[in-house]
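Asker: I need the structure of the sequence given here:
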Amino acid sequence: MSDLIVKAAVKDALSDHNVSADFYNSLNEEVADLLDDAAERAESNDRKTVHLRDL
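Answerer: Coordinates of the predicted model:
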């Protein structure tokens, strides 16, 4: 699986905190799950376009 998140952006967003390496992996998996669920919802509604409402 490719990285779906930008580690530097996450680190910037959490600049007041330390971020462990395994956090990035887990966050990437969560994002992948969200994208999969959104794509499935779009397909179940006979659409190829994923919309905000699919989240």
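Asker: So for this protein, the centremost residue is which one?
Answerer: Geometric centre of the chain, nearest residue: V31, 1.9 Å, by CA atoms, centre = their mean.
Asker: hang on, it packs against S2?
Answerer: No: the pair V31 / S2 is not scored as a contact, 11.0 Å apart, by CB atoms under 8 Å. All C-beta atoms are positioned from the backbone trio N, CA, C, and that covers glycine.
Asker: Can you find which helix in this structure contains the most residues?
Answerer: In the chain, with assignment by DSSP state H, the single longest helix is helix 21-44.
Asker: Low-confidence stretches in this protein?
Answerer: Where the chain drops to pLDDT under 70, the residues are 1.
Asker: what residue of it is the furthest out?
Answerer: Most peripheral residue of the chain (CA atoms, centre = their mean): D46, 22.8 Å.
Asker: any idea how far that residue is from A38?
Answerer: To A38, D46 is 15 Å away according to CB to CB, to the nearest Å.
Asker: Near E29, how many other residues are there?
Answerer: Counted with other CB atoms under 10 Å, residues neighbouring E29 total 12.
Asker: same deal with N25?
Answerer: 13.
Asker: A42 too?
Answerer: By other CB under 10 Å, the residues close to A42 number 16.
Asker: For it, list the residues it contacts.
Answerer: 48-51, 54 (CB atoms under 8 Å, 6 or more residues apart in numbering).
Asker: now, among these, which is nearest to D12?
Answerer: Of all those, D12 sits closest to V50, with 26.3 Å by CB to CB.
Asker: Need the three-state assignment for the closest one.
Answerer: coil (DSSP: H, G, I helix; E, B strand; the rest coil).
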